[in-house]
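Engineer: Build me a structure from this.
(chains A and B)
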Amino acid sequence: MMPLLLIIPLAWAILCILLPQRWLSLTIRAGLLLQVGAALLLTADVYVNGPIEYALGDWQAPLGIALIADGVSVTLISLSAVVALFVAFYAQSYLQRYEHEQTYFWPLFWFLLASLNGIWLAGDLFNLYVGLELLGLAAVGMVTLTGEKPALHAALRYLYAALLGSLAYLAGVAILYGAYGTLAIPQLGELLDANITTFVAIGLISIGLLLKTAIFPFHYWLPPAHGGALAPVSALLSALVVKASFYILARVWLDMASEINSHVVLYSAAQGLGVLGAGAILWGSWQAYKAAQVKMLVAYSTVAQLGYLMLLFPLAIGTTAVAAGLAWQGAMLHLLAHGFAKAAMFMSVGTLVLAIGHGKVNDLAGVSHRIPISLFAFGLSAVSIMGLPPSGGFNAKWLLLQSAMASQQWWWFILLVVGGLLTAAYVFRVFRISFVEKATHEFSSTSSTLDFTALALAAIAIAMGFFSQWPLSLLQSSGFQGGGL
Amino acid sequence: MIAFDILLGLGMLLAAAGVFWSADLFRAIVMFVVFGVLLALAWLRLQAPDLALAEAAIGAGLTGVLLLDTLSVLRAKKTAAGKLPPVDQQLLNTFTSTRACAAQNNHGKGHENLRFLAVGLLSLGILIALQAALFMRPEAAVNLPSMVAEGIPDAGIEHPITAVLLNFRSYDTLLEVAVLLVAVIIGLSLRIPSNSNEQQAPSSALIGARQAAYAGVISEDGGNDPILRNFTQRLIPLVLVTGGYILWAGSTMPGGAFQAGALIAAAGVIARLAGYNIASRVDQLLRFGLVLGFLVFLTVAASVMFGGRPFLNYPDGWAGSLIFFIEAMLTFSIGLTLLSLFVHSPGDGAEPNAKSSQRSVKSGSTVGSDNGVGNRPPGNSGKAEADHD
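Structural biologist: Prediction:
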């Protein structure tokens, strides 16, 4: 089952390059359904039988490369399959007015999905590098699609940040290989020793991944790239792409280096990562509050929300098993809820921008009358992002708060509360204007597909408030939570 | 040999410094190519001939050509800049002469020094950390090279590097080929469709200016030069044969698809610069050629699963011939990919500004009409929408 999750998107990427335009629509839908089916089957398999390892080409790691599916990876595979499904339906409708762009969007879309699945399943550090390269390049390509000058400028900055991040990551991996002679993550986890070589390697890997995840102060490339791209592209980038490098970071710190990460050097570094997260939450929310363009507001909101993920490290490293478990669950739940909610938010905002012709926040007046469903989708996703109950975002922040109390780190508790208030401030700025009755603008009508795909994703983010135990039990079945495998 | 190594190291440092401190971009690119050649020599001294070949062909050769190509576009734009809006001119200036711009900003000078100091300190810190990490590293507990040596009899190929790339870790190579494919897709997406007959005035001026700049930068009016033509006619078969040999040699000694593909691309680039128009304008055929290597690789890798074997496995006894077949197809596609990146670079035929202005007009009219989606051309693209609603 595991290789299918790579073969399907790669094969559909080829199909989308070769097939004539008129066959594409149906082909893409068939591929999406197959993809979701494969993801669900693998998830069920892991839920019943526990983690699975797959030796590619029948060569056992460390000589060959192994794919590893545990609770965490199948949760993320399901996330990307579902988000990709709705984004793809949205994109089929949205891209009809972009004829040139859609020829190139679909191959990149499938390559992006293949690289994401590859990263979620990877059990090898160098293979993760290749996956990151594919992911980064496909994402940059999607930002350039419109060919407009600001988009090209943003894409170039994105490319430089991604390349620099890859370079730092690769240097760290090379050092680890030189010191331990293997690239397989489970084997490295057993071998890693607290010495200067390991610290330098983990440092380089972490800096590279922070740059790719756009964690404050390395976030500079994200807002123009995510804010300037086409709406379906922004949704994919914010919901999935930045999560991939965070996932690797979490794997490296909590899985591979779990034996040594309570060493004083790594323990203090983990607190440092938390401080970066705090910076991201405060700075990102403030910039989102000030943003003049609504898409930039959502993009800066991503910068802020990524900060919460960073709290995983200070809450899970060097604390009690209970606190670490709660932190791990909270962070993963936040990743999922933010994935669904942010995709929905970018999609609904994309529809609003399409309808009023441009993206100034102050011109959203009258939207509540004319495009109520998209605004409702925006509202639902905002509930989850603010962390109001009932929503996946609320449960995630609740778990993080509990973890902060359990480990008696009251400063992170305060940060979580302040962060929630700041989020409410920038979200209500949009609402205040959009509920003004009198429209200052002409509206062009938009397809209802655009409305309902966004609404579906937002509804999932809310529903996670009721069904959080499903992903959480799946996560627990992998046994990977803070303490290590 | 130590003296040679020291000279090589110093030469690389000087070349790198030359890249950063050249006031002229053309000189910086030349220094970059020199750096690539020296780096290839360094790999050779470190007994990594495969890397040396790849670095010489791709790092120094093709990247250098791509950079020169970019420079010629930028210069052509600058020549035609009189016809561009002022914002573009500003952008061009920052691209073509960063140093000149920095010099103009006198009050930013102190700022510049401070930044220089910060970057220097950061680099020094990274250097010290890297040195410490390398010199104090523990003895490796796992010996992969010996495992590779043990696995070679089952790998179906003698050369250990090729065995790692196309058998033990063929998954990495599959994804790397996908990376190349993504790169060329992006390259193609940024070019103007060749059948667009709405050539705008500034862009045609740009083409002319660009060809003039070409003549100055790369070739001396290649199309009409009999010596160049004769030389090219003799050189290209030689390069192609060498490429074939390197592909063939890959199974027993340093060589393989990437290096051979780079040579094929080099032959194409030479032909192009000499004025032969070998670029396939048949889009569908070009796409198929680009995809071919990846398609064959994926098909072989996935089809063995019907026989109950794992993904990317080779059936017993078939490994050697399948690997060679995949490599041959990859060579062709990699060559075509690298050549396409050169031939279809953005700005070839027309430049992106014209495109974006055309676009914005189009989207503007779309939004302006009261039925937002009604303004697209009838036919195939309309069908999906109808299905949806």
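Engineer: The closest residue to residue B:327 other than its chain neighbours: neighbour count?
Structural biologist: Distances taken as Cβ to Cβ, 6 or more residues apart in numbering or on different chains put residue B:257 closest to residue B:327, at 4.3 Å, once the chain neighbours are dropped. (Each C-beta comes from the backbone N, C-alpha and C, glycine too.) For residue B:257, the neighbour count with other Cβ atoms under 10 Å in any protein chain shown is 29.
Engineer: Next up, the contacts around residue B:257.
Structural biologist: B:247, B:250, B:293, B:326-328, B:330-331, B:334 (Cβ atoms under 8 Å, 6 or more residues apart in numbering or on different chains).
Engineer: Output the below-cut-off pLDDT ranges for the chain.
Structural biologist: Picking chain A for this. A:477-485 (pLDDT under 70).
Engineer: um, chain B though
Structural biologist: For chain B (pLDDT under 70), the answer is B:81-109, B:192-224, B:277-282, B:345-389.
Engineer: Now the biggest helix by length in it: buried residues?
Structural biologist: Longest among the helix segments of chain B by residue count, using DSSP state H, is helix B:109-135. Across helix B:109-135, burial judged by 16 or more other Cβ atoms under 10 Å in any protein chain shown covers B:126, B:129, B:133.
Engineer: Can you list the helices and strands that the very next helix or strand once past that helix packs against?
Structural biologist: Downstream of helix B:109-135, the next assigned helix or strand under DSSP states H and E is helix B:144-155. Packing partners of helix B:144-155 (3 or more Cβ pairs under 8 Å, 6 or more residues apart in numbering or on different chains; DSSP states H and E): helix B:160-163.
Engineer: Point out the residues in the stretch 51-200 of chain B that sit beside chain A.
Structural biologist: B:91, B:129-130, B:132-134, B:136-138, B:140-144, B:147-148, B:151, B:167-172, B:174-176, B:178-179, B:181-183, B:185-186, B:188-190, B:193 (Cβ under 8 Å from any Cβ of the partner chain).
Engineer: which of those count as buried?
Structural biologist: Here, 16+ other Cβ under 10 Å leaves B:91, B:129, B:133, B:137, B:142, B:144, B:147-148, B:151, B:167-172, B:174-175, B:178-179, B:181-183, B:185-186, B:188-190 buried among those.
Engineer: Now do the buried residues in stretch A:151-163.
Structural biologist: Applying 16+ other Cβ under 10 Å to stretch A:151-163 flags A:151-155, A:157-159, A:161-163 as buried.
Engineer: Include distance to chain B and secondary structure when you put those into a markdown table, please.
Structural biologist: Shown next, in a markdown table, are those (distance: Cβ to the nearest Cβ, whole Å; DSSP: H, G, I helix; E, B strand; the rest coil):
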| residue | distance to chain B | secondary structure |
| --- | --- | --- |
| A:151 | 9 | helix |
| A:152 | 7 | helix |
| A:153 | 9 | helix |
| A:154 | 14 | helix |
| A:155 | 9 | helix |
| A:157 | 14 | helix |
| A:158 | 12 | helix |
| A:159 | 10 | helix |
| A:161 | 16 | helix |
| A:162 | 12 | helix |
| A:163 | 12 | helix |
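Engineer: can I get the residues you listed in JSON lines with distance to residue A:92?
Structural biologist: Converted to JSON lines, the buried residues of stretch A:151-163 look like this (distance: Cβ to Cβ, whole Å):
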{"residue": "A:151", "distance to residue A:92": "21"}
{"residue": "A:152", "distance to residue A:92": "25"}
{"residue": "A:153", "distance to residue A:92": "28"}
{"residue": "A:154", "distance to residue A:92": "25"}
{"residue": "A:155", "distance to residue A:92": "23"}
{"residue": "A:157", "distance to residue A:92": "29"}
{"residue": "A:158", "distance to residue A:92": "25"}
{"residue": "A:159", "distance to residue A:92": "27"}
{"residue": "A:161", "distance to residue A:92": "30"}
{"residue": "A:162", "distance to residue A:92": "27"}
{"residue": "A:163", "distance to residue A:92": "32"}
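Engineer: How about the stretch 101-250 of chain B: which residue is closest to chain A?
Structural biologist: Closest to chain A within the stretch 101-250 of chain B is residue B:140: 3.2 Å, counting by Cβ to the nearest Cβ.
Engineer: ok so, going back, show me what the longest helix of chain B is packed against.
Structural biologist: Contacts defined by 3+ Cβ pairs under 8 Å, 6+ apart place helix B:109-135 against helix A:149-180, helix A:196-213.
Engineer: ok, 10 Å please
Structural biologist: Packing partners of helix B:109-135 (3 or more Cβ pairs under 10 Å, 6 or more residues apart in numbering or on different chains; DSSP states H and E): helix A:149-180, helix A:196-213, helix B:98-104.
Engineer: ok, and which of these has the densest surroundings?
Structural biologist: Of all these, helix A:196-213 carries the top mean neighbour count, a mean of 24, counting by mean count of other Cβ atoms under 10 Å in any protein chain shown.
Engineer: Please identify the residues of the stretch 301-450 of chain A in proximity to chain B?
Structural biologist: Selection of the stretch 301-450 of chain A residues close to chain B by Cβ under 10 Å from any Cβ of the partner chain yields A:353-358, A:442-450.
Engineer: Quick check on the residues you listed: which are buried?
Structural biologist: Of those, these count as buried by 16+ other Cβ under 10 Å: A:353-357, A:443-444, A:446-447, A:449-450.
Engineer: Now distance to residue A:30 too, for these, in CSV please.
Structural biologist: Formatted as CSV, those follow (distance: Cβ to Cβ, whole Å):
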residue, distance to residue A:30
A:353, 30
A:354, 27
A:355, 31
A:356, 35
A:357, 35
A:443, 35
A:444, 32
A:446, 26
A:447, 21
A:449, 18
A:450, 22
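Engineer: Turn those residues into CSV, including secondary structure.
Structural biologist: CSV is the format used below for those (DSSP: H, G, I helix; E, B strand; the rest coil):
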residue, secondary structure
A:353, helix
A:354, helix
A:355, helix
A:356, helix
A:357, coil
A:443, coil
A:444, coil
A:446, coil
A:447, coil
A:449, helix
A:450, helix
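Engineer: Report the two of these separated the most.
Structural biologist: Among those, the pair separated by the greatest distance (Cβ to Cβ) is A:357 and A:449, at 19.6 Å.
Engineer: Quick check, the residue in the stretch 151-300 of chain A closest to chain B?
Structural biologist: residue A:181 (3.2 Å).
Engineer: Near that residue, how many other residues are there?
Structural biologist: 21.
Engineer: got the contact list for it?
Structural biologist: Residue A:181 makes contact with A:62, A:187-188, A:191, B:138-147, according to Cβ atoms under 10 Å, 6 or more residues apart in numbering or on different chains.
Engineer: Excluding chain neighbours, what is closest to it?
Structural biologist: residue B:140 (3.2 Å).
Engineer: Am I right that the one you found is in contact with residue A:191?
Structural biologist: Yes - the pair residue B:140 / residue A:191 is scored as a contact, 9.1 Å apart, by Cβ atoms under 10 Å.
Engineer: Need the residues touching each of the two.
Structural biologist: With Cβ under 10 Å, 6+ apart, residue B:140 and residue A:191 have common neighbours A:179-182.
Engineer: got the helices and strands packed on helix B:109-135 as JSON lines, with distance to residue A:14 columns?
Structural biologist: Shown next, in JSON lines, are the helices and strands packed on helix B:109-135 (distance: least, Cβ to Cβ, whole Å):
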{"stretch": "helix A:149-180", "distance to residue A:14": "24"}
{"stretch": "helix A:196-213", "distance to residue A:14": "27"}
{"stretch": "helix B:98-104", "distance to residue A:14": "40"}
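Engineer: out of the ones you listed, nearest to residue A:91?
Structural biologist: Nearest to residue A:91 among these is helix A:149-180; the distance by Cβ to Cβ comes to 16.4 Å.
Engineer: following that closest one, which helix or strand comes up?
Structural biologist: With elements assigned by DSSP H and E, the helix or strand that comes after helix A:149-180 is helix A:185-191.
Engineer: on contacts alone, who are the packing partners of that next one?
Structural biologist: Counting by 3+ Cβ pairs under 10 Å, 6+ apart, helix A:185-191 packs on strand A:66-69, helix A:125-144, helix A:149-180.
Engineer: ok, now with 6 Å
Structural biologist: On a contact count with 3 or more Cβ pairs under 6 Å, 6 or more residues apart in numbering or on different chains; DSSP states H and E, helix A:185-191 meets no helix or strand.
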